[in-house]
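In: Curious how this folds, go ahead:
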Amino acid sequence: MQTTGDPVAQACAVVEAFLRAGAEPDPTALEAALDYVADDFSGVGTGTGDRYDGRSALSDALRRERERNPSTGTADITWLRGRAFHAGAVLLEGVVGFSIDVRGATHVIEPRCTAVVERRGERWLVTHFHFSLANGAQDDDETLLDALGKRNRELEVEVARRTVQLGQALADLHSAQARLVHQQTMASLGALTAGIAHEIKNPLNFINNFAALSRELAGDLRRALADGDVAEVDALLGDLAANAEKIEGHGARADAIVRAMMDHGRGGSGDRARADLNAIVSEYARLADQEGRQRSGLAFPVTVRLDPAVGEVEVVASDIGRVVVGLVRNALDALRETARAPTEADAPGVTVSTRRTDLGVEIEVVDRGSGMEPTVRARAFQPFYTTKPPGEGTGLGLSLAHDIVVKGHGGTIHLESERGWGTSVIVSLPG
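Out: Just a heads-up that it's a prediction; the model follows:
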């Protein structure tokens, strides 16, 4: 390297050329690297025995490194700066990025280096060089590559250990998630119980009333038969038949409520079948409404608007019912956050509607409640995310609804909400 120009720049160029040539696997590159080294060179490497007195000692060490690992690698200067002692000597320090192949694995190390470069006649030559490397401590009989190989094996053992730990943590997480899902299902079932009890009481009252009336009519019928009053007998038989029909209808209503409760508790069979979507939506919206009335001191109206064109759709009825219950419950909770009953201006409080579209059918649940901030809306379907106080929500409601609609039925679920204006959730199903 010629001596003309800035001494620091000249010294940096010499060190860069020395490092890059020394890292190349080409045997001729070693001689090129040594050409930048002074005969009275001294150096200290990363190992306890890495001390080099003279150019020939450095040459022997580099040759041994290459024999043990022919594929040396590449060197990139991360940074290098220096200052001149005087016009003929420069002290440099910096960081070098070495890419080294050790037994088939490529490692990138970044040792810190210090070098002294002096002007010898017409050339700049490296007279001293020192490497320091974190995690690079070596035994007396080890080369740097040996030390890196040992470190690589230690890291592999550590990675294997951590992988086992992470696998166990993942299994624990899945177990905890399954427990939370089960707890929410049971909590949902328990919350519905009060509403179901009220709902089932109505048809049972009708059944009891019509049964008692039929008992009285039976007595009247006996008397009419004894008197031979044919017209009265016919009238009484007609009344008894009408009562029996009403008892049957209210019995069917009670049976439907019980079956809905059982389906909700079981979580559905997972088998889709054609079902009357309007009937499902109406039934479960009514259950959620009744539960809300039992749970809250305020009466929030739930209006159901059904499109007759919807007809039958292939669904898991209990799963879609669970979605409706969850969405209506969230809507009622949002209204409760407003701490007021809706007025005529913003009534109805919650609207549940169905409609047929060109692509299938939709279920929409709209509330005039508190609405959501954009940050909350962005995370609404994220599992375990909830804004409710501790003990009032698991954060799985909308996540489960998403899984039921998207994964279970190939549909979509879309949420629109604005703080202070309410929320709209649209469930789209094929069919």
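In: any idea of the mean pLDDT for the helix or strand containing Ile426?
Out: According to DSSP states H and E, Ile426 maps onto strand 422-430. For strand 422-430, mean pLDDT rounds to 92.
In: Give me the buried stretch members for that strand, please.
Out: Within strand 422-430, the residues that count as buried by 16 or more other C-beta atoms under 10 Å are Gly422, Thr423, Ser424, Val425, Ile426, Val427, Ser428, Leu429. The way it works is simple: take the backbone N, C-alpha and C, and place the C-beta from them, glycine included.
In: Adding distance to Thr386, write those residues out as a markdown table.
Out: Converted to a markdown table, the buried residues of strand 422-430 look like this (distance: C-beta to C-beta, whole Å):
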| residue | distance to Thr386 |
| --- | --- |
| Gly422 | 19 |
| Thr423 | 15 |
| Ser424 | 20 |
| Val425 | 16 |
| Ile426 | 21 |
| Val427 | 20 |
| Ser428 | 25 |
| Leu429 | 26 |
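In: quick revisit: strand partners (parallel or antiparallel) of the strand holding Ile426?
Out: Strand 422-430 has the following strand partners under DSSP bridges: strand 360-367 (antiparallel), strand 412-418 (antiparallel).
In: circling back: which one of the buried residues of strand 422-430 is nearest to Met372?
Out: If you rank these by distance to Met372 using C-beta to C-beta, Thr423 comes first, at 6.4 Å.
In: mind listing what the closest one touches?
Out: Asn330, Ala331, Ala334, Val366, Asp367, Gly369, Gly371, Met372, Leu415, Glu416, Ser417 (C-beta atoms under 8 Å, 6 or more residues apart in numbering).
In: Mind telling me what element Thr78 is part of?
Out: Short version, using DSSP H and E: Thr78 is in strand 73-86.
In: Can you give the contact residues for that strand?
Out: Contact with strand 73-86 is made by 7-8, 11-12, 15-16, 19-20, 22-25, 90-101, 106, 110, 117, as judged by C-beta under 8 Å, 6+ apart.
In: Packing partners of the helix or strand where His402 lies?
Out: Element membership for His402, per DSSP H and E: helix 397-402. Judged by 3 or more C-beta pairs under 8 Å, 6 or more residues apart in numbering; DSSP states H and E, the packing partners of helix 397-402 are helix 144-227, helix 317-337, strand 412-418.
In: Leaving out sequence neighbours, find the closest residue to Lys246.
Out: Counting by C-beta to C-beta, 6 or more residues apart in numbering, Phe210 is the residue found nearest to Lys246 once chain neighbours are left out, at 5.2 Å.
In: List the contacts of that neighbour.
Out: Neighbouring residues of Phe210 by C-beta under 8 Å, 6+ apart: Asn243, Lys246, Ile247, His250.
In: Need the pLDDT of the closest residue to Pro308 other than its chain neighbours.
Out: Leaving out its chain neighbours, the residue that sits closest to Pro308 by C-beta to C-beta, 6+ apart is Asn278, at 7.5 Å. pLDDT recorded at Asn278 is 94.
In: Can you get me a residue count around Asn278?
Out: Per other C-beta atoms under 10 Å, the neighbour tally for Asn278 reads 20.
In: State the three-state secondary structure for it.
Out: Look at Asn278: counting by DSSP: H, G, I helix; E, B strand; the rest coil, its state is helix.
In: before we move on, what about Val108?
Out: Here Val108 is recorded as strand under three-state DSSP.
In: ok, what's across the strand from it?
Out: Judged by DSSP bridges, the bridge partners of Val108 are Ser99.
In: Tell me if I am right that Thr387 is in a helix.
Out: No - counting by three-state DSSP, Thr387 is not found in a helix; it is coil.
In: Which helix or which strand is home to the residue nearest to it when sequence neighbours are not counted?
Out: Nearest non-adjacent residue to Thr387, counting by C-beta to C-beta, 6+ apart: Val376, 5.9 Å away. Element membership for Val376, per DSSP H and E: helix 374-378.
In: Counting neighbours, what do you get for Ala176?
Out: Per other C-beta under 10 Å, the neighbour tally for Ala176 reads 11.
In: give the contact list for it.
Out: Contacts of Ala176 (C-beta under 8 Å, 6+ apart): none.
In: Model confidence score at it, please.
Out: For Ala176, the pLDDT comes out at 83.
In: So Met372 lies in a strand, does it not?
Out: No - read with three-state DSSP, Met372 is coil and lies in no strand.
In: Number of residues surrounding it?
Out: Using other C-beta under 10 Å, Met372 has 21 neighbouring residues.
In: What of Asp220?
Out: 15.
In: Wait, it touches Leu237, no?
Out: No - using C-beta atoms under 8 Å as the test, Asp220 is too far from Leu237 to be in contact (10.7 Å).
In: Are there residues contacting both of those two? Which ones?
Out: Common contact partners of Asp220 and Leu237 (C-beta under 8 Å, 6+ apart): none.
In: related to what we said a few turns ago, and the residue nearest to Thr387, how far is that from Ile404?
Out: Computed as C-beta to C-beta, to the nearest Å, the Val376 to Ile404 distance reads 22 Å.
In: who has more neighbours, these two?
Out: Neighbour count, other C-beta under 10 Å: between Val376 and Ile404, Ile404 has more, with 23 against 14.
In: Domain parsing of the protein, as residue ranges.
Out: 7-142, 171-266, 269-430 (automatic domain parsing).
In: any idea of the mean pLDDT for the first one?
Out: The predicted model assigns domain 7-142 a mean pLDDT of 79.
In: ditto for stretch 313-327
Out: In the prediction, stretch 313-327 has an average pLDDT of 89.
In: Output it in PDB with nothing but the alpha carbons.
Out: Extracted in PDB, the C-alpha atoms of stretch 313-327 (Å, rounded to 0.1, in the frame of the first residue of the first chain):
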ATOM      1  CA  VAL A 313     -80.400 -23.300   5.400                       C
ATOM      2  CA  GLU A 314     -77.900 -26.000   6.000                       C
ATOM      3  CA  VAL A 315     -76.500 -25.300   9.500                       C
ATOM      4  CA  VAL A 316     -75.700 -26.800  12.900                       C
ATOM      5  CA  ALA A 317     -78.800 -25.300  14.500                       C
ATOM      6  CA  SER A 318     -77.500 -25.300  18.100                       C
ATOM      7  CA  ASP A 319     -74.200 -23.600  17.000                       C
ATOM      8  CA  ILE A 320     -76.000 -20.800  15.100                       C
ATOM      9  CA  GLY A 321     -78.200 -20.500  18.100                       C
ATOM     10  CA  ARG A 322     -75.200 -20.000  20.300                       C
ATOM     11  CA  VAL A 323     -74.000 -17.300  18.000                       C
ATOM     12  CA  VAL A 324     -77.300 -15.500  18.200                       C
ATOM     13  CA  VAL A 325     -77.400 -15.800  22.000                       C
ATOM     14  CA  GLY A 326     -73.800 -14.400  22.300                       C
ATOM     15  CA  LEU A 327     -74.400 -11.500  19.900                       C
END
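In: That's all I had, so thanks and see you.
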